[in-house]
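# coords below, sequence missing:
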DNA sequence: CATGAATGAGCATTCATTCAT
DNA sequence: CATGAATGAATGCTCATTCAT
């Protein structure tokens, strides 16, 4: 498997490495994962990995970037034919509900570890903030839509409501990070959904 | 057969070490902090530290334990002469408000890093859950009190409300972990306070 | 049964590779130059290079060999129609003068690095010595010529004088390896030229 | 062997490490010497070495610095009671003669390798030039003394003569770097000595 | 034949922990 | 008891060389 491989091949390999590394990072954490762990998991040579990523950190950042972007982009796609803002927000809650606690925990562990990592490196903090803003704007646009159609109360503070939405989502996830039953989690999402709608619909 | 050093001396020294290590862990994170960092910060010998704690990890766990216990205990103390449940909860919000964003961020970074660390070690996960339950119970007791005095609505699901309280608190903190202004943070606490009371008072 | 590629083509390619590698070795040194540096500089594939040279070391040795031989051969060529020994030696000094300090430094760096490299490998030491002897003989022949024509003093110790010539040349170059002005260098060559002639002409 | 060791102990250990590393660097060259080589040669742990020197490069530079300074300083010491400039210069030649070819070769290999290394790093080039200047000044002072006492010819260009002295010394050493007999080397030093004196005494 | 992706031994450096003094 | 020098396994990364396509 060697020379003159297609760009598609390279892209795929790159994705495979990222996926394998992600698996390890989720399993043991970024700092605790060694390159050898990744090598072992992927059954690939060290050199191969380093020919696609110049450092463990670059891999990590790239991975976080991809994940962060995917989150907002995936939603946008599904929203194409949802005219109602309420539907859009209910869809978001559905997505939360669809994710199993197990998945949630892995996702959150990765997410939080990267946040802590970013908190100690100015240029990453900046990137993180851009992502956070993207998520906030995404919500604000939905809410703006809802206000225009009269679905939501007219005196809604969009910025605050958007923050509240994510804050509720993050807080909830954090509560169930280390313990809790799937059913309790789902029912709390329902509870939160009600509260959020009570708040934005007045 | 002299007592050599008193127990009090030992306890104090132990506390000093823990405090110095905490400073470093907050500053750079647990994994990134080296024993030499702590030694340098404390102006103490490596051997001294190792005679009080058998490993860096033991120090970390002990420290987290102390912090977690202190949190609930401190509140309990102040609650002695607060008969009203509403006052007690408002007091909690006051404590959140009194903490500067800067302090919050440091506190949260330590808190989250330890949570991630605990998530990967079963025996620590257990300990963490005990703490989380303690915090939940603490809130539940307050709410129970509020229901008895009629301050809160009678059909309140105490367990859910308690979870909601902490969830709101955590979510809020997370929102402001990497960016955001002090004033925005404070006003969101106020907003959350209103929402929480609307929820528990019906 | 086609000749595929002609020998001439191969020789040319070989020369191109050697030239490109030389550029890199002079720039960064042998050990510090990676095959990738050479590949990048030549715009050629790794495989191509390895099909002409079995290792980086072989390339290096070949290159040094070529350079060493070229040095003496070039001179011999130009000497064809110089009957006077004095002219021949003056011509050598002219060649030194014509080389800019910048060129000299690059040339010397390569030369010295190879010498150090050779010093640690018996078979290369041998080869180096053959070259050194060639250079000495080359000078001795000139001087012998000069003695026959009576240009140089009759009691000249040819071997010593030849060593002295190269020793003067090397020492001078070494003096200016890391610093010094072009003009100082040139004037010292002149000075040395005078001294050498005073010595050999008596 | 451990805590609260004296400064003398540390200095000694530092010197031992430097000496051991020098041995390896001379043997295999700086780049080719691995930390493990040094560890093996010294029978010491890697950590111990790194607690005295922060990197292999720092060790190398320190070592070169020491050697370069030692050269001039040693001579200065011996010159205290040598009133005649001629004696001083003859003493220098004696020192050259006293050094065996074997020692010379090792010394020169280290010297040249460091020079090549320095040539590629601006801040080291600077340091090297300072040393070279020191050596030049050292000679110039001797010659100045000789002119004052009338030992040397009055129209001597001190700067040029000083350069010539070192240039002769370096060129000679280079000639014998890879081959040559001890006796030839010694007799060429004698020859050079004569030439130098003929030059400076007129 | 040419290509360049893959290999993996090798390297400099770090750091938690130990233990001689 | 306290000290801090010593240890050495572990880690991230490099690069000459190979060989499947």
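Cool, got the structure. Nothing here was measured: the structure is a model prediction, and the numbers come from that model.
# all contacts plus neighbour counts: C-alpha atoms, from now on.
OK.
# what's in contact with the helix or strand of chain A with the lowest mean pLDDT?
Within chain A, no helix or strand scores below helix A:56-79, which has a mean of 87 by mean pLDDT, DSSP states H and E. Helix A:56-79 has contacts (Cα atoms under 8 Å, 6 or more residues apart in numbering or on different chains) with A:18, A:21-22, A:30, A:35, A:53, A:88, A:92, A:111, A:114, A:131, A:134-135, A:138.
# what about 7 Å?
Applying Cα atoms under 7 Å, 6 or more residues apart in numbering or on different chains, the contact partners of helix A:56-79 are A:18, A:53, A:88, A:131, A:135.
# residues in contact with the third one?
Okay, so that is residue A:88. When contacts are counted by Cα under 7 Å, 6+ apart, residue A:88 touches A:79, A:82.
# Likewise for the first one?
Residue A:18 makes contact with A:59, A:63 under the criterion Cα under 7 Å, 6+ apart.
# Spatially, which two of the contacts of helix A:56-79 are the most separated?
Across the contacts of helix A:56-79, no pair lies farther apart than A:53 and A:88, at 37.4 Å, counting by Cα to Cα.
# in chain A, which ranges drop under the pLDDT threshold?
Counting by pLDDT under 70, chain A contains low-confidence ranges at A:1-3.
# Any residues of it in contact with DNA strand F? List them.
Proximity of chain A to DNA strand F (Cα under 7 Å from any atom of the strand) is limited to residues A:1-3, A:31-36, A:46-47, A:50, A:54-57.
# could you check the angle helix A:56-79 makes with the one helix or strand residue A:8 maps to?
Using DSSP states H and E, residue A:8 sits in helix A:7-28. Calculated by axes from the mean of the first three to the mean of the last three Cα atoms, to 10 degrees, helix A:7-28 forms an angle of 100 degrees with helix A:56-79.
# which residues are in contact with whichever helix or strand comes after helix A:7-28?
Helices and strands here follow DSSP H and E; after helix A:7-28, the next one along the chain is helix A:35-42. For helix A:35-42, contacts defined as Cα under 7 Å, 6+ apart pick out A:20-21, A:24, A:45-46.
# just how off-centre is the longest helix along chain A within its chain?
Taking DSSP state H as the assignment, the helix of chain A that covers the most residues is helix A:122-148. From the chain centre to the centre of helix A:122-148 is a distance of 13 Å (Cα atoms, centre = their mean, to the nearest Å).
# Identify each buried residue in it, please.
For helix A:122-148, the neighbour count (16 or more other Cα atoms under 10 Å in any protein chain shown) marks A:124-125, A:128-129, A:131-132, A:135-140, A:142-147 as buried.
# The helix or strand following that helix - contacts with which helices or strands?
Next helix or strand after helix A:122-148 toward the C-terminus (DSSP H and E): helix A:158-175. Counting contacts by 3 or more Cα pairs under 7 Å, 6 or more residues apart in numbering or on different chains; DSSP states H and E, helix A:158-175 packs against helix A:122-148, helix B:158-175.
# List of residues touching the shortest one?
To tie it back to what came earlier, the one meant is helix B:158-175. With contact meaning Cα under 7 Å, 6+ apart, helix B:158-175 is reached by A:167-168, A:170-172, A:175, B:136, B:139-140, B:143.
# angle of it against helix A:158-175?
Going by the same axes, to 10 degrees, helix B:158-175 makes 120 degrees with helix A:158-175.
# what about the least confident helix or strand of chain A, distance to the chain center?
The answer for helix A:56-79 is 7 Å, by Cα atoms, centre = their mean.
# Okay, buried residues for that helix please.
In helix A:56-79, counting by 16+ other Cα under 10 Å, buried: A:56, A:59-61, A:63-64, A:68, A:79.
# picking that back up, switch the contacts of helix A:35-42 over to JSON lines; also include neighbour count.
Shown next, in JSON lines, are the contacts of helix A:35-42 (neighbours: other Cα atoms under 10 Å in any protein chain shown):
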{"residue": "A:20", "neighbour count": "19"}
{"residue": "A:21", "neighbour count": "26"}
{"residue": "A:24", "neighbour count": "20"}
{"residue": "A:45", "neighbour count": "13"}
{"residue": "A:46", "neighbour count": "14"}
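# where does the residue in chain A that DNA strand E sits nearest to land in three-state SS?
Residue of chain A nearest DNA strand E, by Cα to the nearest atom of the strand: residue A:47 (2.8 Å). With DSSP: H, G, I helix; E, B strand; the rest coil as the basis, residue A:47 sits in helix.
# Count the neighbours of it for me.
10 (other Cα atoms under 10 Å in any protein chain shown).
# what's the answer for the one 4 residues further on, then?
For residue A:51, the number of neighbouring residues by other Cα under 10 Å comes to 10.
# That one is in what secondary structure piece?
Going by DSSP H and E, residue A:51 is part of helix A:46-52.
# Who are the packing partners of that helix?
Counting contacts by 3+ Cα pairs under 7 Å, 6+ apart, helix A:46-52 packs against no other helix or strand.
# re earlier: now the buried residues of helix A:56-79 as TSV including distance to residue C:194?
Compiled in TSV, the buried residues of helix A:56-79 are given as follows (distance: Cα to Cα, whole Å):
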residue	distance to residue C:194
A:56	63
A:59	65
A:60	68
A:61	67
A:63	71
A:64	72
A:68	77
A:79	91
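# Specify which member of those residues is nearest to residue A:187.
residue A:79 (24.8 Å).
# quick one: that closest one from residue A:91, how far?
As for residue A:79, its distance to residue A:91 is 9 Å (criterion: Cα to Cα, to the nearest Å).
# quick one on the thing from earlier: measure how the longest helix of chain A sits relative to helix A:158-175, angle-wise.
Using the same axes, to 10 degrees, one finds that helix A:122-148 and helix A:158-175 are set 120 degrees apart in direction.
# Give me the helices and strands touching helix A:122-148, please.
On a contact count with 3+ Cα pairs under 7 Å, 6+ apart, helix A:122-148 meets helix A:85-98, helix A:101-119, helix A:158-175.
# hey, which of the ones you listed is tucked in deepest?
Among those, helix A:158-175 has the highest mean neighbour count (mean count of other Cα atoms under 10 Å in any protein chain shown), at a mean of 21.
# List the buried residues in the next helix or strand after that one.
Where DSSP H and E defines the elements, the next helix or strand beyond helix A:158-175 is helix A:182-201. Under the neighbour-count criterion of 16+ other Cα under 10 Å, helix A:182-201 has A:185-186, A:188-189, A:192-193, A:195-196, A:200-201 buried.
# what's the angle between helix A:182-201 and helix B:158-175?
Orientation of helix A:182-201 against helix B:158-175 (the same axes, to 10 degrees) gives an angle of 70 degrees.
# what separates residue A:12 from residue A:56, distance-wise?
Using Cα to Cα, which is the criterion applied here, residue A:12 is 19 Å from residue A:56.
# no wait, residue A:166
30 Å.
# Please apply the same query to residue A:113.
Residue A:113 is 15 Å from residue A:56, by Cα to Cα.
# Repeat that for residue A:5.
Taking Cα to Cα, one finds residue A:5 at 24 Å from residue A:56.
# Not counting sequence-adjacent ones, nearest residue to residue A:106?
Using Cα to Cα, 6 or more residues apart in numbering or on different chains and skipping residues adjacent in sequence, the residue nearest residue A:106 is residue A:26, 6.1 Å away.
# Tell me who's in contact with that neighbour.
So residue A:26 contacts A:106, A:109-110 (Cα under 7 Å, 6+ apart).
# can those go into a markdown table with extra columns for distance to residue D:100?
Formatted as a markdown table, the contacts of residue A:26 follow (distance: Cα to Cα, whole Å):
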| residue | distance to residue D:100 |
| --- | --- |
| A:106 | 70 |
| A:109 | 68 |
| A:110 | 66 |
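# Would you map out the domains in chain A?
By the assignment in automatic domain parsing, chain A contains the domains A:1-53, A:57-201.
# one step back: could the contacts of helix B:158-175 be laid out in JSON lines, adding distance to DNA strand E?
JSON lines is the format used below for the contacts of helix B:158-175 (distance: Cα to the nearest atom of the strand, whole Å):
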{"residue": "A:167", "distance to DNA strand E": "34"}
{"residue": "A:168", "distance to DNA strand E": "36"}
{"residue": "A:170", "distance to DNA strand E": "31"}
{"residue": "A:171", "distance to DNA strand E": "31"}
{"residue": "A:172", "distance to DNA strand E": "33"}
{"residue": "A:175", "distance to DNA strand E": "30"}
{"residue": "B:136", "distance to DNA strand E": "33"}
{"residue": "B:139", "distance to DNA strand E": "37"}
{"residue": "B:140", "distance to DNA strand E": "39"}
{"residue": "B:143", "distance to DNA strand E": "43"}
